[in-house]
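Undergrad: give me a 3D structure for the following:
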Amino acid sequence: MKDRKEFLLKLFLFIIMIDRIYLPSYARTGEYNNIIFPMIALSIGWYAFYRIKVFSIKKLSVVYLIILGMIINYTFLGGDIKELIRYILVILISLFLLEIEEINLRKYFIATIILGTLFSTYDFFMNIDRSTGFLRTSPTIYSLIILIAIVYFLYAGKCKIFEKVLCGLGVFAIFTTGSRSTLIAAIIFIVAKFIMGMRVKNNKLIIKWIISVLSIILLVLIFSFSEINITNYKIRENANQSNETRFGFIMKVFDKMNNDKISYIVGLGPGASYNIIDSNKGVKVPIHQDIISILCDFGIIGIVFLYILLSIGKYKLTWQGKILLIVGSFHNLIFYPIGIILIYLTSISIRKNISK
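TA: This is a model prediction of the structure:
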């Protein structure tokens, strides 16, 4: 085997991703994050140290300053210590990712789409309303993983007949989840790939304009697929929130922050976004918009931290990676580290493919 450590890392991430293997039937996807997050951080860290040996002093300094800022925030504003630790682990995972070179994910994503299609087909014929695939309860996170796989096959190598078939199966799997935003994103990626294959004058300029327009359309469609009523919303089973519920949650967060304007700068402390929904609706669920969650917990300073973290990587995110992050931000990506890892590694593979 060419690289046993790379194989072991991918195998570990794949097993963790298929949470039907280890989650009991009554549990929800993400319920064991307090155990899974440290395991993933250790595995990525182990692989990064094996590959890199020495980390960039600049990146280490920036990351540790961000972590120090979060600890200071918690010290003065309070919050949930478990949420603080989760944020720190996400930062550390990001640090390790920033130093990793390309990892070949072809077989990983082939297995992902085939396994997902089998689960989705079963759910489809069993008339299950929203397929969760190989996840226990989250159709949105499942659809995001499939979307990442589709993007990989479209852009990280030659998209031949086999890859196109896999993309088609992926679109079907996403369709069975009932996730409108992810399905729209998949269609946009496929259309963009078709356009990029056209040989026209000023091809690059035209493509940039089309991608920008499609990205704006994606955001508009995410928000406009259902009528929004922020004064009358309800919680669906398995915490799969409708647009109506998402906006209700977001407005509750802003209502709380408006009571103290300084919170827009420094936030309300780690875990505040969770606790606001819990205190209002009696259930602890995320607000389903990661940027708003970070704003609520750490304020504009937290958004600046996020921007800095995204800008110091060895490989900048491609436009595909950026759109995946936008879509993921509506599906609790910050609570699902495997999604963050797969998006970044896919973006690296795409950039490497472009440079060939």
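
Undergrad: from memory Ile91 sits against Ile67, does it?
TA: Yes: at 5.7 Å, Ile91 counts as touching Ile67 under the criterion of C-beta atoms under 8 Å. C-beta here means a position set from N, CA and C on the backbone, and glycine is covered the same way.

Undergrad: please name the spatially closest residue to Asn275 (chain neighbours excluded).
TA: Leaving aside its chain neighbours, Asn275 sits nearest to Asp80 (7.1 Å; criterion: C-beta to C-beta, 6 or more residues apart in numbering).

Undergrad: list the contacts for the one you found?
TA: By C-beta atoms under 8 Å, 6 or more residues apart in numbering, Asp80 lies in contact with Gly269, Pro270, Gly271, Tyr274, Asn275.

Undergrad: gap between the fourth one and Thr75?
TA: If I follow you right, that is Tyr274. Using C-beta to C-beta, to the nearest Å, Tyr274 is found at 19 Å from Thr75.

Undergrad: out of the two, which sits in the busier spot?
TA: Counting neighbours by other C-beta atoms under 10 Å for Tyr274 and for Thr75 shows that Tyr274 has the greater number, 21 against 11.

Undergrad: what pLDDT does the more buried one get?
TA: What the model reports as pLDDT for Tyr274 is 80.

Undergrad: which residue is the nearest non-sequential neighbour of Leu325?
TA: Ile343 (6.2 Å).

Undergrad: check contacts around that neighbour.
TA: Counting by C-beta under 8 Å, 6+ apart, Ile343 has contacts Ile148, Gly321, Leu324, Leu325, Gly328, Leu333.

Undergrad: and the third one, how far from Ala272?
TA: Right, Leu324. Taking C-beta to C-beta, one finds Leu324 at 27 Å from Ala272.

Undergrad: assess the claim that Leu105 and Tyr152 are in contact.
TA: Yes: in terms of C-beta under 8 Å, Leu105 counts as a neighbour of Tyr152; the distance is 6.0 Å.

Undergrad: between these two, what contacts are shared?
TA: Both Leu105 and Tyr152 are in contact with Thr346, Ser349, where contact means C-beta under 8 Å, 6+ apart.

Undergrad: same drill for these two, tell me which one is more crowded.
TA: A direct count of neighbours by other C-beta under 10 Å for Leu105 and Tyr152 places Tyr152 higher, at 30 against 21.

Undergrad: ok, that one - contacts?
TA: Tyr152 sits next to Leu105, Arg106, Phe109, Thr346, Ser349, Ile350 when contact means C-beta under 8 Å, 6+ apart.

Undergrad: tell me which element it is part of?
TA: Secondary-structure element containing Tyr152, defined by DSSP states H and E: helix 139-155.

Undergrad: buried stuff in the next helix or strand after that helix?
TA: Per DSSP H and E, helix 139-155 leads on to helix 161-177 as the next helix or strand towards the C-terminus. Of all the residues in helix 161-177, those buried under the rule 16 or more other C-beta atoms under 10 Å are Glu163, Leu166, Cys167, Leu169, Gly170, Val171, Phe172, Ala173, Ile174, Phe175, Thr176, Thr177.

Undergrad: so the fourth one sits against Thr117, correct?
TA: Yes: counting by C-beta under 8 Å, Leu169 sits close enough to Thr117 to count as a contact (4.5 Å).

Undergrad: sorry, back to before: and the contacts of Ile343, which of them are in strands?
TA: The strands, defined by DSSP state E, take in nothing from the contacts of Ile343.

Undergrad: tell me which two of the residues you listed sit farthest apart.
TA: Greatest spacing in the contacts of Ile343, by C-beta to C-beta: Gly321 and Leu333 (12.0 Å).

Undergrad: just to revisit the earlier point, the residue nearest to Leu325 and Ser349: what is the separation?
TA: 11 Å.

Undergrad: strands of the stretch 51-200 of the chain, start to end?
TA: Under the criterion DSSP state E, counting those that start in this stretch, the stretch 51-200 of the chain contains no strands.

Undergrad: what's the following helix or strand after the helix or strand of the chain with the lowest mean pLDDT?
TA: Least confident helix or strand of the chain, by mean pLDDT, DSSP states H and E, is helix 203-224 with a mean of 58. Proceeding N to C from helix 203-224, the next assigned helix or strand is helix 243-258, under DSSP H and E.

Undergrad: off-centre distance for that next one?
TA: Counting by C-alpha atoms, centre = their mean, to the nearest Å, helix 243-258 is centred 21 Å from the centre of its parent chain.

Undergrad: repeat for stretch 184-199
TA: Worked out by C-alpha atoms, centre = their mean, stretch 184-199 lies 21 Å from the chain centre.

Undergrad: can you give me the buried ones in that stretch?
TA: Across stretch 184-199, burial judged by 16+ other C-beta under 10 Å covers Ile184, Ala185, Ala186, Ile188, Phe189, Ile190, Ala192, Lys193.

Undergrad: the fourth one and Cys167, how far apart?
TA: Distance check for Ile188 against Cys167: by C-beta to C-beta, it reads 13 Å.

Undergrad: do the third one as well
TA: Here the criterion is C-beta to C-beta. By it, Ala186 lies 8 Å from Cys167.

Undergrad: now the common contact residues for these two.
TA: In contact with both Ala186 and Cys167: Ile150, using C-beta under 8 Å, 6+ apart.

Undergrad: please tell me how far Lys164 sits from Val191.
TA: Separation of Lys164 from Val191 (C-beta to C-beta) stands at 14 Å.

Undergrad: correction: the previous question concerned Ile16.
TA: 33 Å.

Undergrad: quick one: low-confidence parts of the protein?
TA: Counting by pLDDT under 70, the chain shows low-confidence ranges at 1-2, 53-54, 197-246, 278-284, 356.
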